[in-house]
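sequence? don't have it. structure:
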C-alpha cells in the first residue's frame with residue numbers, strides 16, 4: 001500500500017514538473033515566428049513571405065560551376081540538395097529494357113525510310129554509355145531532390161525574385177516549378193533538418209552530381225592577409241593578401257562621403273600590424289591622428305616648413321648598371337617636374353634642360369659612377385645657374401626664379417632633411433597652395449621612389465587624391481611608372497580618387513587601373529559610374545549596385561573575382577579612421 005501511494009505521488013510530481021516546464025521559455029519559443037500563414041503558392045512566416053521551387057528537369061550535360069550564378073545572387077534564398085543512392089542492378093536492368101526499346105525504334109524508322117532522328121540517336125547513345133559505365137563500376141546512380149526557398153518582404157518582391165531565379169535556371173536548361181499546396185513541406189525540405197517532405201527528384205549519375213559541388217561561391221578568404229570586410233552575398237570574411245597577386249597595386253574610387261578614406265585607413269592599420277611599411281601622401285591631414293597613434297613620422301611639406309625634400313636626391317645603389325639607369329631616370333623625372341613648374345617648353349628648350357640637369361649634377365661631382373651618388377646633390381638654385389650660362393636656357397631660368405629666389409623658394413630649393421626609417425611615414429601637403437600641390441606630390445613621389453630603390457622592403461604607398469597628378473601628363477606618367485615598376489622593389493601602390501572622370505580622363509589613369517590587380521569600388525556618382533563600369537567591365541547589376549549602395553559598401557575586386565563587400569571596423573579602428581565631421585566633433589567633446 002505504501003509503495004502504491006509512493007508511485008502515485010511520483011506520478012503527480014512528474015506531471016506537475018511537465019506542466020511547469022511547458023510554462024518556461026525555450027529556445028524553440030525564441031526562434032519561432034509570431035505566426036505562420038499557409039497559402040496556395042507561398043507561406044507568410046511572421047512578416048516574411050517565402051516560397052519553394054523544386055527542380056524537375058536537367059539538360060543532357062551538366063558542367064562544373066553551373067550553380068555559381070544562382071548561389072551568388074544577391075537574393076535571400078536557401079538551397080537544399082537531397083541525394084539517395086539507388087540499386088545499380090535494378091537500374092541496369094531498366095536501362096537494358098530502355099536500350100532495347102530505343103534500338104527497336106531506330107531500326108523500324110530505318111526500315112520505313114524515315115529521316116534520321118538525331119535526338120533519338122543521342123538518347124540511345126547516352127543510355128548505352130551509362131550502361132557501360134555502370135557495368136564497369138565507373139559510375140553509380142542517385143536520386144537527387146533539388147529545392148530552393150526564396151524569401152522577400154512583400155508578395156510583389158517575392159514574385160519578382162522567383163522570376164529572376166527561374167530565368168537564371170532556364171538559361172541553363174534547368175527547369176523548376178513552384179510548390180502548390182505543399183509550401184510547408186517545401187520549406188521543411190530546405191531547412192537544415194535532413195528532411196525531404198515533397199520527394200520530387202531525378203536520377204543522376206556520379207558525374208552529373210559532382211557538378212553540384214563544390215558550390216562555386218565567390219569567396220576571397222585566404223589563410224593570411226588583411227581583413228577587408230564581409231562578403232555581402234554569403235557573409236564570408238574577405239581576408240586577402242594583395243602581395244599574392246601578379247602585381248601589388250590597388251585603386252580605390254568612390255564619391256565624396258562614400259567611405260573611401262575610412263576604408264584605406266583600415267587597410268593601412270591592418271597592414272601595419274602585419275609588418276608592412278606604410279608611406280602616405282596626405283592632402284588633407286586625414287592621417288595625422290593615425291601617425292600619432294602608431295608612433296609614425298608626420299612630415300608637413302610647405303613653403304614655410306623646416307622639413308624639405310630635394311628632387312635631385314639619388315638612390316644609393318652599388319650595382320653600376322642600375323646606378324647609370326638611376327641617374328638617367330632621375331634626369332627624365334626632373335625634366336618632367338620642371339615642365340609642371342614652369343609650364344610648356346619648346347623642343348629646343350627641352351634639349352637644353354636635359355643638358356643643364358646633367359651639368360648641375362656634374363657641378364657637384366656626381367656622374368654615372370655609383371661611388372659619386374653619395375655626394376651632396378645639387379638644388380634648383382644650381383640648375384638655374386647652369387641654365388643662365390647656356391644659350392637657350394635663359395627663359396627657363398627666369399621662370400624658375402620664383403622657386404629659387406621668390407615666393408616658393410622654401411619648398412624644394414633645400415637639401416633633404418627628412419628620414420624614412422620609421423615604419424609609417426606620412427607626407428602632408430595640406431598647407432600648400434593648389435598651384436603647388438601637384439609639384440609637391442610629384443617631388444615627394446620621386447623622393448620616396450629613390451628611397452625604395454635604395455632598400456627593398458615590403459611597402460605600401462598610398463597616394464590620396466591621385467586625380468591631382470592626372471591633370472599633368474608628366475606627373476601622371478611618373479605615377480604610372482611607379483605602378484609598373486613597383487613590384488620589382490616589393491612596393492604596392494594604392495591610388496585613391498573621388499573624381500572618376502578626372503582619373504580616367506587621363507590615359508595614364510586608365511593605364512594605372514589596368515596595372516592594378518586589386519580595386520575597391522564604393523558608391524559612385526551616377527554621372528561618373530560608367531567610367532568605372534568600363535574600366536573593370538562590370539555587369540549592369542554591379543553598376544546599379546555601385547550607384548545605390550550605402551556608405552562603407554561596394555565591390556572588392558581581386559584579379560577577375562568580384563564580390564560585394566561591407567566594411568566592418570573594430571571599435572578602436574573606428575575611433576582612429578572615422579573622418580565624419582559630426583562624429584569627430586563628438587569625439588573631441590567626449591575627450
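That came through fine. Quick caveat: nothing in here was measured; it's all calculated off a predicted structure.

the longest strand in the protein is where?
Longest strand of the chain, by residue count under DSSP state E: strand 141-152.

other SSEs contacting the helix or strand that comes right after that strand?
Moving toward the C-terminus from strand 141-152, the next helix or strand (DSSP states H and E) is helix 155-171. In this structure, helix 155-171 makes packing contacts with strand 48-57, helix 68-71, strand 141-152, strand 175-178, judged by 3 or more C-beta pairs under 8 Å, 6 or more residues apart in numbering; DSSP states H and E. Using the backbone N, CA and C atoms, a C-beta is placed for each residue, glycine as well.

reformat these as a markdown table; add mean pLDDT.
Shown next, in a markdown table, are the helices and strands packed on helix 155-171 (pLDDT from 0 to 100):
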| stretch | mean pLDDT |
| --- | --- |
| strand 48-57 | 94 |
| helix 68-71 | 80 |
| strand 141-152 | 93 |
| strand 175-178 | 94 |
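
looking at the ones you listed, which is closest to residue 548?
Counting by C-beta to C-beta, residue 548 lies closest to strand 141-152 out of the helices and strands packed on helix 155-171; the figure is 17.7 Å.

for the closest one, which positions count as buried?
141, 142, 144, 145, 146, 147, 148, 149, 150, 151, 152 (16 or more other C-beta atoms under 10 Å).

and for stretch 225-244?
By neighbour count, and taking 16+ other C-beta under 10 Å as the criterion, the buried residues in stretch 225-244 are 225-233, 238-240, 242-243.

same check, this time on stretch 481-493
Residues of stretch 481-493 classed as buried: 481, 482, 483, 486, 487, 489, 490, 491, 492, 493 (neighbour count, 16+ other C-beta under 10 Å).

SS state for the spatially closest residue to the fifth one that is not a sequence neighbour?
Of all residues not flanking residue 487 in the chain, residue 247 sits nearest, at 4.9 Å (C-beta to C-beta, 6 or more residues apart in numbering). Recorded secondary structure, residue 247: coil (DSSP: H, G, I helix; E, B strand; the rest coil).

OK, contacts around residue 247?
With contacts taken as C-beta atoms under 8 Å, 6 or more residues apart in numbering, residue 247 has the following neighbours: 483, 486, 487, 492, 515, 516, 517.

so how far is residue 86 from it?
For residue 247, the distance to residue 86 equals 51 Å [C-beta to C-beta, to the nearest Å].

picking that back up, partners of the longest strand of the chain in the sheet?
Strands that pair with strand 141-152, judged by DSSP bridges, come out as strand 48-57 (antiparallel), strand 77-85 (antiparallel), strand 202-205 (antiparallel).

off-centre distance for that strand?
If you compare the mean C-alpha spot of strand 141-152 with that of the full chain, they lie 31 Å apart, counting by C-alpha atoms, centre = their mean, to the nearest Å.

next: stretch 116-126.
Its chain's C-alpha centre lies 47 Å from the corresponding centre of stretch 116-126 when counted by C-alpha atoms, centre = their mean.

residues in contact with it: which ones?
In this structure, residues lying in contact with stretch 116-126 by C-beta under 8 Å, 6+ apart are 60, 99, 102, 103, 105, 106, 109, 110.

try it again at 6 Å.
Stretch 116-126 is contacted from outside by residue 102, using C-beta atoms under 6 Å, 6 or more residues apart in numbering.

ok, stretch 334-353 next?
311, 354, 357, 390, 392-393, 396, 399, 439, 442, 472, 474-475.

any of those residues buried? List them.
Buried residues within the contacts of stretch 334-353, defined by neighbour count using 16+ other C-beta under 10 Å: 311, 357, 393, 396, 399, 439, 442, 472, 474, 475.

which parts of the stretch 1-150 of the chain are helices?
Per DSSP state H, counting those that start in this stretch, the stretch 1-150 of the chain carries helices over the ranges 2-22, 27-31, 68-71, 88-111, 118-135.

let me see the mean pLDDT of the helix or strand that contains residue 325.
With elements taken from DSSP H and E, the one containing residue 325 is helix 320-342. With pLDDT averaged residue by residue, helix 320-342 scores 86.

what distance separates that helix from the centre of its chain?
Using C-alpha atoms, centre = their mean, the mean C-alpha position of helix 320-342 is found 34 Å from that of the whole chain.

got the angle for the next helix or strand after it vs helix 320-342?
Downstream of helix 320-342, the first helix or strand assigned by DSSP H and E is helix 347-363. Relative orientation of helix 347-363 and helix 320-342, computed by axes from the mean of the first three to the mean of the last three C-alpha atoms, to 10 degrees: 130 degrees.
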